[in-house]
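Peer 1: sequence below, structure please.
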Amino acid sequence: MNARKSSTAAGLMCMALLAAASAAAGCGGGNGHDHGHPSGAYPAFTPAPGQAVKGPGAVMTAPRFTAITFPNDPYAGLLEDFTARVGGSTWWATVTSDYGVGIATATSAIEIAETPAATITDDEIQAFLKTQLTTTSSGWPAPSENSLYILYYPDGVKITGDATGTSCVEYLAYHGYTVVNGINVPYAVVPSCGGYRGMSALDVLTDAASHEMIEAATDPVPPTGYANVDANLGGWAIYTGLEVGDLCERSQFVDVVASPLDYVVQRIWSNTSAAAGHDPCVPRVGRYFIAQPVASDKVLVSVPGSPISLQVNGVRIPAGASRDVELDLFSDGDTGGPWLVTAKEILGTPTQAPALDLSLDRDQGVNGEKLWLHIHHLHAGSESVLITSSQGGFTHSVILAVGSAGS
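Peer 2: The predicted structure follows:
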């Protein structure tokens with residue numbers, strides 16, 4: 001972390017007053033910037049969190065799930081139950097409400113008699129699906145563009161050959177589509193990867209499946225559905241991914257138990273919740289509070305591991321120059337006191353040299369106040385700053401894109 005915190009005597013006095021719940025109006029920093037005033041209007045500032053954007057492709061208006069399980073899977077029955085019930089749950093209605101996706105139904109599960117190979121490629125999975133879906137004696141439900149075939153592979157099966165790498169190493173699950181008799185048929189691959197993030201192996205399976213279910217429903221033929229974002233969200237999406245499940249993967253408490261399902265599922269990005277100044281990831285957990293940077297420029301940022309650059313809202317700072325960036329603090333209700341704000345550059349590797357020198361004039365505040373982040377850009381290029389707000393065991397983060405080039 002390259003953030004440095006500094007305060008003038010006036011700033012320290014202001015923080016002391018704030019911690020004592022006294023009026024902080026009129027407290028100024030040594031840099032002479034406006035620091036706003038505590039406000040009882042929630043949110044005190046207009047949110048600018050960005051939106052997930054739909055491409056030219058369709059979404060699933062009436063998804064139909066088919067669970068596919070294999071021998072020697074101790075979770076097969078529970079996974080079939082989860083698949084049958086999740087599409088009619090409150091969780092599903094909550095996470096799909098922004099995207100035109102309807103209630104999901106389920107067909108009878110398919111229980112494969114043959115044990116799968118220890119290593120399977122994505123091409124082999126697609127070939128297997130095509131064979132089953134074009135063999136009338138297979139008993140599989142006929143495919144449509146609203147069908148989602150979910151292949152739950154048991155422990156010990158490694159999936160390779162798709163664009164994202166190897167199962168249980170680079171990813172927990174993925175979704176794609178194959179073409180059967182001229183129809184684009186979506187499918188999801190969910191291998192058993194054991195425990196993760198303090199969850200049991202079963203919890204990881206249902207959590208990963210829920211992620212792929214909503215992404216397949218909103219982006220059934222990747223990347224033609226909800227697989228893009230606007231300029232406000234571009235910097236965050238580079239950090240996470242572009243689909244609606246990806247956008248919440250790095251949020252706190254991303255995995256929740258969906259009652260009355262009693263299975264673990266993932267929270268999902270909501271355009272409506274974000275635009276209203278609430279936690280963009282739903283179902284919401286706790287009070288939402290954030291330090292929102294005023295990103296007044298268009299900047300070009302590099303996509304990690306790719307030659308592609310994207311134009312996003314951020315701040316442009318030439319190499320060797322400095323700039324103070326306004327951070328607007330807002331919450332969706334009374335937080336009972338100030339929250340702590342930190343800022344750090346996101347580095348690609350632990351040994352990467354920082355490109356930004358960062359310092360906050362204050363490190364806490366409440367709804368309606370402003371902090372100022374001083375950024376010195378050490379050399380040309382594009383970087384990302386993770387700005388985190390913390391209080392009472394809850395944290396919420398945003399990303400500020402910093403670039404030396406733009407439009």
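
Peer 1: elements contacting the helix or strand hosting W92?
Peer 2: Using DSSP states H and E, W92 sits in helix 90-96. Helix 90-96 sits against helix 201-218, with contacts defined as 3 or more Cβ pairs under 8 Å, 6 or more residues apart in numbering; DSSP states H and E. Any C-beta I mention is one placed from the backbone N, CA and C, and that applies to glycine too.

Peer 1: what's the spacing between the helix holding W92 and its chain's center?
Peer 2: Distance of helix 90-96 from its chain centroid, counting by Cα atoms, centre = their mean, to the nearest Å, is 16 Å.

Peer 1: same check on stretch 183-194?
Peer 2: For stretch 183-194, the distance to the chain centre is 19 Å (Cα atoms, centre = their mean).

Peer 1: buried set for it?
Peer 2: Residues of stretch 183-194 classed as buried: 184-193 (neighbour count, 16 or more other Cβ atoms under 10 Å).

Peer 1: number of nearby residues for D73?
Peer 2: 20 (other Cβ atoms under 10 Å).

Peer 1: I'd assumed Y152 was in contact with it.
Peer 2: Yes: if you go by Cβ atoms under 8 Å, D73 and Y152 touch, sitting 6.7 Å apart.

Peer 1: need the residues touching each of those two.
Peer 2: Residues touching both D73 and Y152 (Cβ atoms under 8 Å, 6 or more residues apart in numbering): 79, 192.

Peer 1: which residues outside stretch 226-243 are in contact with it?
Peer 2: With contact meaning Cβ under 8 Å, 6+ apart, stretch 226-243 is reached by 48-55, 59, 99, 215, 218-219, 222-223, 244, 246-250, 295, 298, 301, 303-304, 310-314, 346, 384, 386, 398-401.

Peer 1: which ones among these lie within helices?
Peer 2: Under the assignment DSSP state H, these contribute 215, 218 to helices.

Peer 1: filter the contacts of stretch 226-243 to the buried ones?
Peer 2: The neighbour-count criterion (16+ other Cβ under 10 Å) marks 48-52, 54, 59, 99, 215, 218-219, 222, 244, 246-249, 295, 298, 301, 310-314, 384, 386, 398-401 among those as buried.

Peer 1: keep only those of those that are in strands.
Peer 2: Counted as lying in strands by DSSP state E, out of those, are 52, 54, 298, 301, 310-314, 384, 386, 398-401.

Peer 1: wait, what's in contact with the closest residue to K158 other than its chain neighbours?
Peer 2: The shortest distance from K158 to any non-neighbouring residue, by Cβ to Cβ, 6 or more residues apart in numbering, is to T119 (4.8 Å). Each residue near T119 by Cβ under 8 Å, 6+ apart is listed here: 157-160.

Peer 1: got a list of what I375 touches?
Peer 2: Taking Cβ under 8 Å, 6+ apart as the test, what I375 contacts is 315, 317, 322-325, 356-358, 385, 402.

Peer 1: so it bridges to which residues?
Peer 2: Beta-bridge partners recorded for I375 (DSSP bridges): R323, L358.

Peer 1: phi, psi for G245 please.
Peer 2: When read as degrees, to the nearest 10, the backbone of G245 gives phi -80, psi -40.

Peer 1: pass me the low-pLDDT residue ranges in the stretch 201-350 of the chain, would you?
Peer 2: Applying pLDDT under 70 to the stretch 201-350 of the chain flags the ranges 304-307.

Peer 1: thinking again about what came up before, out of the ones in strands among the buried ones among the contacts of stretch 226-243, who's nearest T136?
Peer 2: Minimum distance to T136 across those is 35.8 Å, recorded for K54 (Cβ to Cβ).

Peer 1: count the neighbours of the closest residue to that closest one other than its chain neighbours for me.
Peer 2: Once flanking residues are discounted, K54 sits nearest to Y226: 5.2 Å by Cβ to Cβ, 6+ apart. Close neighbours of Y226, defined as other Cβ under 10 Å, add up to 29.

Peer 1: helices of the stretch 151-300 of the chain, start to end?
Peer 2: Remark: helices assigned in the stretch 151-300 of the chain by DSSP state H, counting those that start in this stretch are 201-218, 234-240, 271-275.

Peer 1: closest to A104 out of those helices?
Peer 2: Nearest to A104 among the helices of the stretch 151-300 of the chain is helix 201-218 (7.1 Å), distances taken as Cβ to Cβ.

Peer 1: CA atoms only for that closest one, dumped as PDB, please.
Peer 2: Written as PDB, here are the backbone C-alpha positions of helix 201-218 (Å, rounded to 0.1, in the frame of the first residue of the first chain):
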ATOM      1  CA  ALA A 201     -17.600 -28.100  -1.000                       C
ATOM      2  CA  LEU A 202     -21.400 -28.100  -1.400                       C
ATOM      3  CA  ASP A 203     -21.600 -24.400  -0.700                       C
ATOM      4  CA  VAL A 204     -19.000 -23.700  -3.300                       C
ATOM      5  CA  LEU A 205     -20.900 -25.800  -5.800                       C
ATOM      6  CA  THR A 206     -24.200 -24.000  -5.400                       C
ATOM      7  CA  ASP A 207     -22.500 -20.600  -5.100                       C
ATOM      8  CA  ALA A 208     -20.600 -21.100  -8.400                       C
ATOM      9  CA  ALA A 209     -23.800 -22.600 -10.000                       C
ATOM     10  CA  SER A 210     -25.800 -19.600  -9.000                       C
ATOM     11  CA  HIS A 211     -23.200 -17.300 -10.600                       C
ATOM     12  CA  GLU A 212     -23.300 -19.100 -13.900                       C
ATOM     13  CA  MET A 213     -27.100 -19.400 -13.900                       C
ATOM     14  CA  ILE A 214     -27.700 -15.700 -13.700                       C
ATOM     15  CA  GLU A 215     -24.900 -14.900 -16.100                       C
ATOM     16  CA  ALA A 216     -26.100 -17.500 -18.600                       C
ATOM     17  CA  ALA A 217     -29.700 -16.100 -18.300                       C
ATOM     18  CA  THR A 218     -28.500 -12.500 -18.900                       C
END
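
Peer 1: that's all I had, so thanks and see you.
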